[in-house]
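> could you work out the structure for the sequence below:
(chains A, B and C)
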Amino acid sequence: MPPDIAIAPVIELSGVFVGALSGGLAAVRKQFDLFGILVLAWAAGLGGGLMRDLLIGATPPVGIADWRFIAVACLAGAVMYFFNPRLERARRMILVLDAGALALFAVSGTLKALELGLNGVAAVSAGIITGIGGGVLRDLLIGEVPVVLHQRQLYAVPAVVGAVLTAGLWAAGILTALTALGAVGVVFALRVAALRFRLQAPGPWVAGARTRKVGARRRNVSGRMER
Amino acid sequence: MPPDIAIAPVIELSGVFVGALSGGLAAVRKQFDLFGILVLAWAAGLGGGLMRDLLIGATPPVGIADWRFIAVACLAGAVMYFFNPRLERARRMILVLDAGALALFAVSGTLKALELGLNGVAAVSAGIITGIGGGVLRDLLIGEVPVVLHQRQLYAVPAVVGAVLTAGLWAAGILTALTALGAVGVVFALRVAALRFRLQAPGPWVAGARTRKVGARRRNVSGRMER
Amino acid sequence: MPPDIAIAPVIELSGVFVGALSGGLAAVRKQFDLFGILVLAWAAGLGGGLMRDLLIGATPPVGIADWRFIAVACLAGAVMYFFNPRLERARRMILVLDAGALALFAVSGTLKALELGLNGVAAVSAGIITGIGGGVLRDLLIGEVPVVLHQRQLYAVPAVVGAVLTAGLWAAGILTALTALGAVGVVFALRVAALRFRLQAPGPWVAGARTRKVGARRRNVSGRMER
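Numbers count the residues shown, from 1 in each chain, chains lettered A, B, ... in the order given. From the prediction side, this is the model:
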């Protein structure tokens, strides 16, 4: 049963804004120029949706065809350009922004694929890719290994949970504006809890390598922070 | 009003050739083998058009389906393989080649999207992506941060100007072979002027950071040159 | 003349499994967590087919819509997570796995494009991209220059041979399960022979640089091994 159709764009635009903020911030930290900042805001804010639209065959993607999405991403880039937060504050901020975008995108991406009539597996995949795609593109463009891969703190799991939850609510016929926002909240809470309590996905399974794993974890966290 | 339809392929093939030269050159400088050189020539020459075709839904893209485009890219790669310019000369040459490809692609990419009936925003986006996409793919494949992002000299701006100009000429019904070439000339002149006179896009807005910005600029230029 | 239609999925699933093993192994070596390992297994196993499906317009790609493909890739990732081979053994293993996936993908990718009615050039391109795409995506995601580009040992050539061979067999009307497997065998043999006998693609053509090239070769091989 299709939900109130107006939810998706609003959720998605919010996700674009916070995602683009994280992209603009990454660019500022790399000392990119104004246009590099705008491009990175665009990539981080709209990259996930762009990949989703390519994968589900919805061309041209809203990321290049809908001026509102582009304007919101550029606005976020400009805000980051002028606001230019001190790097100390940014360490925490980029992670929280990322969590917000992750939650909004995972739910809205799944929703859009379902509305287009894709099967559950494809819709969940689309939701996960929408959630993590922008951050992956952002990190590749600044020459870093994507956070989603090398950070131990749970990142992909909340996206998976959000996509499955959304598909489940849809299948159960109870996906409304309220329950969709609830799913967004669950993903965000999961991700923030993972950050706050350092919940970790298990690392490579090496017998007798406990000491090394702890060391690797510490290095990962600080490595990300110092860059 | 559609222009003389034969313009687009000729402009695009020229762009493929010079773009592919820049890709082949980058591969030679990285000591890649013959096939690495051909792949990079292909990526730099056809990558922008490939991204455009995926985004506007024109599959299969000419970059994989039209033997003339592939042949021109491979020819450029082979030329670079045998010509093998000394690295000293290459510093300047890669930038000028890039400027030519940027100009040709920005105009032809916008044109193709308009011919397929996309709206102005999508056509301008497609033109910009066609212009900068090949260079971005080239730089990602050789493991560098894309030039378009980290170099201060104006790069994206000429592409934006060219795409908007082309869409404007189209909307005004005066897009002909001559005016299209004029648009190409404007983009090329803008980019070369930016290189020659070191016109810069503004960097991150940091109060009291003037000294650091000058240093960063010098490092950027020489950093690119020495690699 | 279309072959027994059931070949393609079986060949492709086998390719997904060995490709995903190489991705999982690369992730284990980079000390990624369980989910990073699964994502990289997915990317290496399904990335080539995903690019192919996007390029030939077969959306949504099997890589996101067919649960069997996703399950096989995740299974391979899990196997690599628990099996966790010692790094010494892995040096050789990753190269042989890569050879198997290359062979299976080059043939199945060409086949799928031909079955969808694309022209020969596009089908051969699709086969090559299916063959090398997963490995390229894997290497980009772990922050390395793709093996296919910087390694001198023949890598792209077997993929090209396999794609051309498959298209030729198809055109001659003699593409059956047996001849398709024969093509897979030829590609695998070529690639393994290239590894075993250090067959090399020619490097950049520099007069009087023989000494340097030998040095570069040695560095390439060990550079790959040590990482």
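> please make it C-alpha for all contacts and neighbour counts, starting now.
Will do.
> what's the closest non-adjacent residue to A:Thr166?
A:Val107 (6.1 Å; Cα to Cα, 6 or more residues apart in numbering or on different chains).
> ah, wrong one, I meant A:Val16
For A:Val16, the nearest residue in space outside its immediate sequence neighbours is A:Gly45; the separation is 4.3 Å by Cα to Cα, 6+ apart.
> what helices and strands are in contact with the longest helix belonging to chain A?
With secondary structure taken from DSSP state H, chain A has its longest helix at helix A:87-115. For helix A:87-115, the helices and strands in contact under the criterion 3 or more Cα pairs under 8 Å, 6 or more residues apart in numbering or on different chains; DSSP states H and E are helix A:7-29, helix A:34-56, helix A:120-141, helix A:156-171, helix A:177-196.
> and if we set it to 7 Å?
For helix A:87-115, the contact count by 3 or more Cα pairs under 7 Å, 6 or more residues apart in numbering or on different chains; DSSP states H and E identifies helix A:7-29, helix A:120-141, helix A:156-171, helix A:177-196 as packing neighbours.
> the third one versus helix A:87-115: what angle between them?
Meaning helix A:156-171. Counting by axes from the mean of the first three to the mean of the last three Cα atoms, to 10 degrees, helix A:156-171 points 30 degrees away from the direction of helix A:87-115.
> mean confidence for helix A:156-171?
Across helix A:156-171, the average pLDDT comes to 92.
> show me what contacts the most centrally placed residue in chain A?
Centroid-nearest residue in chain A: A:Leu102, 3.1 Å away (criterion: Cα atoms, centre = their mean). In this structure, A:Leu102 makes contact with A:131-132, A:159, judged by Cα atoms under 7 Å, 6 or more residues apart in numbering or on different chains.
> repeat that with 6 Å
The neighbours of A:Leu102, taking Cα atoms under 6 Å, 6 or more residues apart in numbering or on different chains as the test, are A:Gly131.
> could you do A:Ala27 as well?
A:Ile37.
> could you rerun that using 10 Å?
A:21, A:33-41, A:77, A:80-81, A:138-139, A:141-142, B:149-150, B:204 (Cα atoms under 10 Å, 6 or more residues apart in numbering or on different chains).
> isn't the residue nearest to A:Thr166 up against A:Gly168?
No: in this structure, A:Val107 sits apart from A:Gly168 without contact. The criterion is Cα atoms under 10 Å, and the distance is 11.4 Å.
> re earlier: and the longest helix of chain A, how far from the chain's centre?
In terms of Cα atoms, centre = their mean, to the nearest Å, the gap separating the centre of helix A:87-115 from the centre of its chain is 4 Å.
> list the buried residues for that helix?
For helix A:87-115, the neighbour count (16 or more other Cα atoms under 10 Å in any protein chain shown) marks A:90, A:93-94, A:96-115 as buried.
> mind listing what the residue nearest to A:Val16 touches?
Contacts for A:Gly45 (Cα under 10 Å, 6+ apart) come out as A:12-24, A:39, A:63, A:69-70, A:72-74, A:76-77, A:101, A:105, A:133-135, A:137-138.
> now A:Thr59: which helix or strand?
Here A:Thr59 is covered by no helix or strand, with elements defined by DSSP states H and E.
> please report phi then psi for it.
Here the main-chain torsion angles of A:Thr59 (degrees, to the nearest 10) amount to phi -100, psi 150.
> I'm done for today, thanks for sticking with me.
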